[in-house]
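Undergrad: here is the input, now give the coordinates:
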Amino acid sequence: MSPRVIPLVDPESGPSSRRLVWLAQDGDGVPVGSASLRLFLKEGQAHLAELELSVHAAERRQGIGTRLLEAATAAARAEGRRSIVTQAQQGSPADEFLPARGFRPVLTLTYARLSLADADLTAIGAHAQRPHPGYELTEWNGTVPAGLAHSYAESRSAMDDMPMQDTDYGTVAWDVERLVAAAEAVARRGELLHTVAAVDTTDRRVVGFSELVVPGDGRGDAQHYGTAVLPAHRGRGLAHWMKAASIQRARRLHPLLAGLLTDTADDNAPMRAVNDALGYVPTHRAVEYQLDL
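TA: Below is the predicted model:
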């Protein structure tokens, strides 16, 4: 019997996106796969949908993934979307499945991990404490302090020219409402959001940031969410400085953390150089795929 694909209701939506979800069941009603489609709502990304698709390993090559993809693609077209993006680890079944169904590779990412047991924490700490004339670091947990909120939202435009190769990702318009919603989403998952920011001492405005999301129990691996510097302030070592300070802070606040994870586009040479200098070791590569509708 062919699998049944059932649409579900996603209980969580936010000001920036909403999700459509499908469950695939076999003839006995046993779940064998699922798909979700995140529909971005904000101007600059309203053309885009982001796909997550999973099929149980024992149930692959039976058309389940294809059925789920058909449901998601039809929904994206009905919602007037121009592109669907998704990601697959290089060499995985998804890395074969997606191009066979019309997706094209548009971006390659290298994932890396810093083992805190093996890291040169003395050197990292020294770099975090090194002065950078004209700038100072500030840090916070969770939602950005009100006094920094507007300049922090403006500093998020530092991500706009991040190397994305051929990805039709659009632009992410950040405002204070979106910052608060993102921080609250992390908190609802039971995780901890730590931010280190570089501030221009002449006008007290945020010019760069480095975000880290830590598991709620302070164990396992934390995930870097983004490190960026506004174009006018690049070339001064601020990204290296902020990321070193973020590592030092994570170690101080969460001594049981095992490591820190990061991912970087292969053609983002400056950030890859920062990761290499801090001791991050590549673990695997992934490919961002795009389906043009």
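Undergrad: how about low-confidence regions in the protein?
TA: Within the chain, the stretches with pLDDT under 70 are 1, 11-13, 161-166.
Undergrad: and stretch 44-58, how far apart are its ends?
TA: The separation between the terminal residues of stretch 44-58, taken as C-alpha to C-alpha, to the nearest Å, is 40 Å.
Undergrad: what about the helices in the stretch 151-293 of the chain?
TA: 176-188, 238-253, 269-278 (DSSP state H, counting those that start in this stretch).
Undergrad: Thr110 is nearest to which of those helices?
TA: Proximity to Thr110, assessed across the helices of the stretch 151-293 of the chain by C-beta to C-beta, is greatest for helix 269-278 (7.0 Å). In this view, the C-beta of every residue, glycine as well, is placed from N, C-alpha and C.
Undergrad: any idea how far that closest one is from the chain center?
TA: 18 Å (C-alpha atoms, centre = their mean, to the nearest Å).
Undergrad: can you dump the C-alpha coordinates of that helix into CSV?
TA: Presented in CSV, the C-alpha positions along helix 269-278 are these (Å, rounded to 0.1, in the frame of the first residue of the first chain):
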residue,chain,number,x,y,z
ALA,A,269,37.5,33.1,3.5
PRO,A,270,37.7,35.7,6.3
MET,A,271,35.4,33.8,8.7
ARG,A,272,37.1,30.5,7.9
ALA,A,273,40.4,32.0,8.8
VAL,A,274,39.0,33.2,12.1
ASN,A,275,37.7,29.7,12.9
ASP,A,276,41.0,28.1,11.9
ALA,A,277,43.0,30.6,14.1
LEU,A,278,40.8,29.8,17.1
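Undergrad: check which helices and strands it sits against.
TA: When contacts are defined as 3 or more C-beta pairs under 8 Å, 6 or more residues apart in numbering; DSSP states H and E, helix 269-278 packs onto strand 104-115, helix 238-253, strand 257-265.
Undergrad: just to revisit the earlier point, buried deepest among the helices of the stretch 151-293 of the chain, which one?
TA: Mean neighbour count (mean count of other C-beta atoms under 10 Å) peaks for helix 238-253 among the helices of the stretch 151-293 of the chain, with a mean of 22.
Undergrad: can you pull out the strands in the chain?
TA: Secondary structure of the chain (DSSP state E): strands at 4-8, 17-25, 31-40, 48-55, 83-89, 104-115, 135-141, 192-200, 205-214, 220-229, 257-265, 281-292.
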